[in-house]
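K.L.:
one predicted model, sequence on top.
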Amino acid sequence: MIPRSRSLHLVRQSTLVLIVTATYLSSGVVQARVQPNPVPTLTSIPSEDDGYLLDAGDRVRIDFFSVPEFTNDYQVLPNGTVNFPQVGAVLVRGRTLKQAAATISARFDAILTRPVVTVSLTGARPVTVAIAGEVNRPGSYAVPAEGGIPRLTRVLQLAEGVTQSADIDRVQIRRPRPFGQGADELITVSLGQLLQTGDVRQDLRLRDGDSILIPTSSNVDLNAMRQLAAANFATTATRPIKIAVVGEVNRPGPYTLAQASGGQVNPSTLQANSVTRAIQTAGGITQTADVRNIQVRRMTQSGAIQTINVDFWKLLASGDLRQDVPLQEGDTIEIPTATSLNDQEATRIAAASFSTNQININVVGEVGRPGTVAISPNAPLNQGLLAAGGFNDRARKGSVTLIRLNPNGTVTKRDISVDFAQGLNEQNNPALRNNDTLVVRKSALAGISTTIGAILSPFSSLLGVFRLFGL
């Protein structure tokens, strides 16, 4: 006995699921209703053999088994058809090669007995795709098909690479379906998996009309940023970028970091556009810089500001290269002022590659070579005195006066007891800063001698006159 109704669930590999309900009526007639299931928003990655969809501009070779006179090369016309002298125009637009072969075979069935047709692609049309989001040059691109159907990473390279703000684990490809076959297909791929595991399926083959969206990352991952900077679909190494460096650097302001000049580029000698290079270009950090709380402010393509916290002390203490964040166009690096300075840490930071090579101090008064003296950053006061030739015979050797212009515009003045046996310490041998002034006064005995000399100076002139005339 046949049941009155039954449901057959037909599941295909595509996202469209059809539920066919067959109802057996008393008259023996079968009524069928096809109910399309709603198309999901996201689909899995299509397999590589899903097929290339033919369209205008494609060149194909159509082989008829045992009928060589029908076999020939054909061009898909602007209306999406292939024109045969025997049967006329056959529509192949939006069909795979197998589907086109079946359509052509069905048309030739009227003049051939069981025609066997094979369609092969001999020349693919350029693939036109659109790309938006976190890429350096969003827009529409016509990608030549020489060398095969273009993959996702090839289009990203044409768009001059993804930015450092990209979320490469949620790349979205919107793919239009043939007319009358439902809403667009939305495919999500993870280029992070491509980088980490070499899963080439994530590097999707594109089709004509695809739209690519590279979303903005919602979180900051220093490991992912360095991995992305090394990818072949990231910003090209030779692309100059404009950045700004503000705060505790010797020459704050905007800069252009250019990787290479001229036509020859040697990738092995290129220097990465990173925070370290930006600080070096800005003259290095000052001695009051807080290297533990450096910030990189980044404008994303969506207009939001992304803040990346960088700790350069970890870079110095443990060699954590993740802290040397790769930069991109429009980044601003801010180096704050330290609220407290540790003498030992300050000495170590002064020797770092991102510090300035030297500072200038002024030494005036009773030293061997008064004037401007160049010394290394965070050099102690004793070293500054020795660089100026040390005390002369008239100097008050017990103390000097240190005059300092502070970042807030105030001036401090303090007398410091000099002891050349002291190491670096804030009390007796403090670290010097750029534009500090050391004043070395005369000793009391030298002062008395100078006063007596000034008093006797007129009489000395008269004695000289008397001697001239022999008096």
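P.N.:
Done, it's in. Numbering: from 1, shown residues only.

K.L.:
residue contacts, Tyr74?
P.N.:
59-62, 82-83 (CB atoms under 8 Å, 6 or more residues apart in numbering). For every residue, glycine as well, the C-beta is placed using N, CA and C.

K.L.:
oh, that last question was meant for Ile403, not what I typed.
P.N.:
Ile403 neighbours (CB under 8 Å, 6+ apart): 411-413, 436-439.

K.L.:
what do you get if the cut-off is 10 Å, keeping everything else the same?
P.N.:
362, 364, 411-414, 435-439 (CB atoms under 10 Å, 6 or more residues apart in numbering).

K.L.:
let's have those in JSON lines, adding secondary structure.
P.N.:
Output for the contacts of Ile403, formatted as JSON lines (DSSP: H, G, I helix; E, B strand; the rest coil):
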{"residue": "Asn362", "secondary structure": "strand"}
{"residue": "Val364", "secondary structure": "strand"}
{"residue": "Val411", "secondary structure": "strand"}
{"residue": "Thr412", "secondary structure": "strand"}
{"residue": "Lys413", "secondary structure": "strand"}
{"residue": "Arg414", "secondary structure": "strand"}
{"residue": "Asn435", "secondary structure": "coil"}
{"residue": "Asp436", "secondary structure": "coil"}
{"residue": "Thr437", "secondary structure": "strand"}
{"residue": "Leu438", "secondary structure": "strand"}
{"residue": "Val439", "secondary structure": "strand"}
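
K.L.:
ok, the residues you listed vs Asp203, which is closest?
P.N.:
Asn435 (55.7 Å; CB to CB).

K.L.:
the closest one: what's it in contact with?
P.N.:
By CB under 10 Å, 6+ apart, the contact set of Asn435 is 359-362, 372, 403-405.

K.L.:
could you do Thr332 as well?
P.N.:
With the criterion set at CB under 10 Å, 6+ apart, Thr332 makes contact with 243-247, 254, 278, 295-299, 305.

K.L.:
closest one of these to Trp313?
P.N.:
Gln295 (14.5 Å).

K.L.:
need the per-residue pLDDT for Pro46.
P.N.:
Pro46 carries a pLDDT score of 57 in this model.

K.L.:
rewinding a little: can you pick out the most distant pair from the contacts of Tyr74?
P.N.:
That would be Arg61 and Asn83, which, of these, are the farthest apart (CB to CB) at 15.1 Å.

K.L.:
okay, buried residues for stretch 294-302 please.
P.N.:
Residues 294-296, 298-301 are the ones in stretch 294-302 that count as buried (16 or more other CB atoms under 10 Å).

K.L.:
name the nearest of those relative to Asp167.
P.N.:
Using CB to CB, the buried residues of stretch 294-302 come closest to Asp167 at Thr300, 10.4 Å.

K.L.:
relative to Asn273, how far out is the closest one?
P.N.:
Per CB to CB, to the nearest Å, Thr300 is found 18 Å from Asn273.

K.L.:
about what we covered before: if any of the contacts of Asn435 are buried, put those into a ChimeraX selection.
P.N.:
The ChimeraX selection below is limited to those of those classed as buried (16+ other CB under 10 Å):
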select :359,361,362,404
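
K.L.:
as a check, name the ranges of all helices in the stretch 51-200 of the chain.
P.N.:
Here the stretch 51-200 of the chain has its helices, by DSSP state H, counting those that start in this stretch, at 97-108, 152-158, 191-197.

K.L.:
got it, and the stretch 251-400 of the chain?
P.N.:
Secondary structure of the stretch 251-400 of the chain, counting by DSSP H, counting those that start in this stretch: helices at 275-281, 312-318, 343-350, 381-387.

K.L.:
turn these into JSON lines, including mean neighbour count.
P.N.:
Listed next are the helices of the stretch 251-400 of the chain as JSON lines, based on neighbours: other CB atoms under 10 Å:
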{"stretch": "helix 275-281", "mean neighbour count": "21"}
{"stretch": "helix 312-318", "mean neighbour count": "17"}
{"stretch": "helix 343-350", "mean neighbour count": "16"}
{"stretch": "helix 381-387", "mean neighbour count": "21"}
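
K.L.:
among these, which gets the worst mean confidence?
P.N.:
Lowest mean pLDDT of the helices of the stretch 251-400 of the chain: helix 343-350, a mean of 77.

K.L.:
just to revisit the earlier point, output the helices of the stretch 251-400 of the chain in JSON lines; the columns should cover distance to Pro326.
P.N.:
As requested, the helices of the stretch 251-400 of the chain are exported to JSON lines (distance: least, CB to CB, whole Å):
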{"stretch": "helix 275-281", "distance to Pro326": "8"}
{"stretch": "helix 312-318", "distance to Pro326": "14"}
{"stretch": "helix 343-350", "distance to Pro326": "22"}
{"stretch": "helix 381-387", "distance to Pro326": "37"}
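
K.L.:
out of those helices, nearest to Thr113?
P.N.:
helix 275-281 (74.2 Å).

K.L.:
closest one of the contacts of Asn435 to Asp199?
P.N.:
Nearest to Asp199 among the contacts of Asn435, counting by CB to CB, is Ile359 at 52.5 Å.

K.L.:
my guess is that closest one contacts Ala374. True?
P.N.:
Yes. Using CB atoms under 10 Å, Ile359 is in contact with Ala374, at 7.3 Å.

K.L.:
identify the contacts common to those two.
P.N.:
Between them, Ile359 and Ala374 share no contacting residue, judged by CB under 10 Å, 6+ apart.
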